[in-house]
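Q: fold the following for me, if possible:
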Amino acid sequence: MGSSSGDSPPLPHRGDADRLRPTNTRQYLDIVAFAARGLWTVTLAGVRPFAFWGAVLLPLLYIPSLYGFGTGQDTALFVELVVWHVASIVLGHGHTPFWSR
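A: This next block holds a predicted model:
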């Protein structure tokens, strides 16, 4: 007996999922970069006010560490405070407090 057209497997067709899938690597990387940029923007918007106020208030902690508060690891504490202060300055740059808008 011969095979009829009903016995053969169906031919693949392009569905909606195939149209949404990027076809080349460049397009995929553009999508990933766009998503990462959006995630960074949202994260920075949430962190920026805290970093701004950290940059304002962290220098107050320099005073006890400069005058020898405790013993032993004061140099490490001071260096860590400076690193946190620089990071908060970089991340908090561009924040506008609500009273100056």
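Q: for this structure, name the helix or strand with the lowest mean pLDDT.
A: Every helix and strand in the chain was compared by mean pLDDT, DSSP states H and E; the lowest is helix 16-20, with a mean of 57.
Q: which of the residues in the helix or strand just after it are buried?
A: Once helix 16-20 ends, the next helix or strand along the chain (criterion: DSSP states H and E) is helix 25-57. Buried residues in helix 25-57, counted by 16 or more other CB atoms under 10 Å: 48, 51-52, 54-55. Every residue, glycine included, has its C-beta placed from N, CA and C.
Q: ok, these vs E80, which is closest?
A: Closest approach between the buried residues of helix 25-57 and E80, by CB to CB: G54, at 13.2 Å.
Q: which one is the closest one nearest to, not counting chain neighbours?
A: Once flanking residues are discounted, G54 sits nearest to S88: 3.8 Å by CB to CB, 6 or more residues apart in numbering.
Q: do you know how far that neighbour is from Y28?
A: 35 Å (CB to CB, to the nearest Å).
Q: and for L81?
A: Taken as CB to CB, the span from L81 to Y28 is 42 Å.
Q: what stretches of this structure score poorly on pLDDT?
A: Along the chain, the model assigns pLDDT under 70 to residues 1-23, 68-74, 98, 100-101.
Q: and the residue nearest to G54, how many neighbours does it have?
A: By other CB atoms under 10 Å, the residues close to S88 number 21.
Q: okay, and it sits in which element?
A: Secondary structure assigned from DSSP H and E places S88 in helix 74-92.
Q: now that helix and helix 25-57, what's the angle there?
A: 120 degrees (axes from the mean of the first three to the mean of the last three CA atoms, to 10 degrees).
Q: and helix 74-92, what's buried?
A: Result for helix 74-92 [16+ other CB under 10 Å]: buried residues 81, 85, 88, 91-92.
Q: and W99, how far from V83?
A: From W99 over to V83 (counting by CB to CB), the distance is 30 Å.
Q: what about the nearest residue to F78 once chain neighbours are set aside, neighbour count?
A: Spatial nearest neighbour of F78, excluding adjacent residues (CB to CB, 6+ apart): S65 at 4.7 Å. Using other CB under 10 Å, S65 has 19 neighbouring residues.
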